[in-house]
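Next input, structure requested:
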Amino acid sequence: VFALIVFACLVGEGYTNLPSSSQLFCIFNHNEDACRYGIGIGILAFLACIFFFMVDIYFPQISNTTDRKYLVLADLGFSGLWTFLWFIGFCFLTNQWAWTEAEHVHVGADSARAAITFSFFSIFSWVSEAVVEL
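Numbering: from 1, shown residues only. The predicted model follows:
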């Protein structure tokens with residue numbers, strides 16, 4: 001859910017323009033990479049959650065213990081990796097937001113703060129997922 005919120009905030013109001021121009025730019029210090037990173041990890045995390053949810057549904061029907069072990073290790077490894085990527089995303093978005101000039105932000109400041117906040121919350125949700133797998 002947090003990944004979906006970050007993705008939606010960045011797609012919905014993460015890009016804006018100056019009153020004198022029609023060209024869109026990322027609200028995070030005009031750094032397109034900040035918006036792309038948040039959108040990218042948000043989409044991939046959401047799709048991975050759907051995949052692992054489907055694996056959890058069919059898990060009792062998997063009789064091969066080797067396959068079960070590899071699925072659990074894949075879930076654990078992915079959770080650990082995504083914890084790290086959300087931490088990087090939180091730091092990156094926070095840094096770019098700190099350098100953003102207030103006069104360039106007319107619309108979307110709340111969405112930017114929400115993306116940063118839910119990136120932070122995502123760190124703990126992925127850590128808890130990794131701990132559950134242990």
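
hey, which helix or strand in the protein has the poorest pLDDT?
Here the helix or strand of the chain ranked lowest by mean pLDDT, DSSP states H and E is strand 15-16, holding a mean of 89.

Please name every helix or strand in contact with that one.
Strand 15-16 sits against strand 25-26, with contacts defined as 3 or more Cβ pairs under 8 Å, 6 or more residues apart in numbering; DSSP states H and E. For the C-beta atoms, the positions are set from N, CA and C on the backbone; glycine is no exception.

Any idea how many residues pack against the closest residue to L85 other than its chain neighbours?
With sequence-adjacent residues excluded and distances taken as Cβ to Cβ, 6 or more residues apart in numbering, L85 is closest to I41, at 5.3 Å. I41 has 20 neighbours, counted by other Cβ atoms under 10 Å.

Same check on the one 4 residues further on?
Residue crowding around A45 was assessed by other Cβ under 10 Å; the count is 23.

ok, now C26?
By other Cβ under 10 Å, neighbour count at C26 equals 21.

Show the pLDDT at it.
Listed pLDDT for C26 reads 93.

Quick check: it touching Y37?
No: taking contacts as Cβ atoms under 8 Å, C26 lies outside contact range of Y37: 10.1 Å.

that older thread, if we go by neighbour counts, what in whichever helix or strand the residue nearest to L85 is part of is buried?
Using DSSP states H and E, I41 sits within helix 32-58. For helix 32-58, burial by neighbour count (16 or more other Cβ atoms under 10 Å) applies to 34-35, 37-39, 41-42, 45-46, 48-49, 52.

Off-centre distance for that helix?
Taking Cα atoms, centre = their mean, to the nearest Å, one finds helix 32-58 lying 7 Å from the centre of the chain it belongs to.

and after it, which helix or strand comes next?
Moving toward the C-terminus from helix 32-58, the next helix or strand (DSSP H and E) is helix 65-98.

I'd like to check the angle between the very next helix or strand once past that next one and helix 32-58, please.
Downstream of helix 65-98, the next assigned helix or strand under DSSP H and E is helix 109-133. Here helix 109-133 runs at an angle of 40 degrees relative to helix 32-58 (axes from the mean of the first three to the mean of the last three Cα atoms, to 10 degrees).
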